[in-house]
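# Provided below are the primary sequence and the corresponding predicted coordinates.
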Amino acid sequence: MAIAETISSPLAARAVTASKIYGQDDNEVRALDGISVEFARSRFTAIMGPSGSGKSTLLHCLAGLDRVTAGQVFLGDIEISGCKEKQLTLIRRDRIGFVFQAYNLVPTLTALENMTLPMALAGRKPDKEWFDSVVDMLHMRDRLAHRPSELSGGQQQRVAVARALMSRPEVIFADEPTGNLDSRSSTEILTFMRGAVRSLDQTIVMVTHDPVAASFSDRVVFLADGKIVDEMSDPTSDGVLERLKGLGN
Ligand SMILES: Nc1ncnc2c1ncn2[C@@H]1O[C@H](COP(=O)(O)OP(=O)(O)OP(=O)(O)O)[C@@H](O)[C@H]1O
Ligand SMILES: [Mg+2]
């Protein structure tokens, strides 16, 4: 695969006039409505917008978890909207980290096994130092042997965040990664994520409802009805709150 080609692109991901339509006829929902948006490499971007505005759909399409109905989606220079399923599986496994809104942990595996599953599937082992720093940052050291049913919602969310961070993928897509956490855990994770962007050139695209979480990002993109309606660089939580009020959120 053309990794060098991908690295050469200044854009980590982008959508070009992408639409996603669910259902048919009277039941048709236009979750993405001809959206064009770019995500720069080594940057932390937040996506905000009212419930149902298409945030999760956009993230799923960018990560190759779902297919657009029309338009194109790129990861680096690779058009993933044109990839076959087999190729997509490899791209998702090797190059993308995803934090699901609903965690999607494997119930029969322990916290540690869940965190390292994508790498295990790829026949890789996490770097020991990185593994330790992620686990300690998330305060999960004494919960590594527990299964998801034995963890609180916040702990399950932290396992999901750890799983996405573990392989240091080209891009991390995170759907409300702090939605179920108290403000202290949330601040710790956001600070860690921002640190990974600043010092390790990690690229992160995060959906959030929380203006404070968005203020950790470099740029906020606002969605409404499946379209980009606004954006803001170097956001502050007050600034984000003002814009959201304008969107009727
Ligand atoms: N599988 C599906 N089948 C039909 N409609 C869907 C499906 N998935 C999402 N939708 C619809 O598409 C629209 C966008 O949904 P999406 O999950 O992207 O919103 P969201 O912005 O992430 O909302 P939230 O903030 O509540 O998570 C909604 O109207 C939703 O009901
Ligand atoms: Mg969502």
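Alright, I've got the coordinates. Ligands and ions are numbered 1, 2, ... in the order given.

# what's next to the host helix or strand of residue 206, contact-wise?
Per DSSP states H and E, residue 206 falls inside strand 203-207. Contacts of strand 203-207 from elsewhere in the structure, counted by CB atoms under 8 Å, 6 or more residues apart in numbering, are 12-13, 39-48, 55-56, 59, 62, 101, 170-177, 193, 196-197, 213, 217. All C-beta atoms are positioned from the backbone trio N, CA, C, and that covers glycine.

# Just the buried residues from those, in PyMOL please.
Listed next is the PyMOL selection for buried residues among these, using 16 or more other CB atoms under 10 Å:
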select buried, resi 12+13+39+40+41+43+44+45+46+47+48+55+56+59+62+101+170+171+172+173+174+175+176+177+193+196+197+213+217
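
# tally of neighbours for residue 162?
By other CB atoms under 10 Å, 25 other residues sit near residue 162.

# list the contacts for it?
115, 134, 135, 138, 140.

# now it, what's its secondary structure?
Put simply, residue 162 is helix when judged by DSSP: H, G, I helix; E, B strand; the rest coil.

# Distance of it relative to residue 126?
Here residue 162 is placed at a distance of 10 Å from residue 126 (CB to CB, to the nearest Å).

# Mind giving me the packing neighbours of the strand or helix carrying residue 242?
Using DSSP H and E, residue 242 sits in helix 237-246. Other elements packing on helix 237-246 under the criterion 3 or more CB pairs under 8 Å, 6 or more residues apart in numbering; DSSP states H and E are helix 211-214, strand 219-224, strand 227-233.

# relative to strand 227-233, how tilted is it?
Here helix 237-246 points in a direction 160 degrees away from that of strand 227-233 (axes from the mean of the first three to the mean of the last three CA atoms, to 10 degrees).

# Next, see if helix 237-246 gets close to ligand 1.
No: judged by CB under 6 Å from any ligand atom, helix 237-246 stays clear of ligand 1, getting no closer than 12.3 Å.

# returning to what we had before: can I get the helices and strands packed on helix 237-246 in TSV including distance to ligand 1 and mean pLDDT?
Below are the helices and strands packed on helix 237-246 laid out as TSV (distance: least, CB to the nearest ligand atom, whole Å; pLDDT from 0 to 100):
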stretch	distance to ligand 1	mean pLDDT
helix 211-214	13	97
strand 219-224	7	97
strand 227-233	12	97
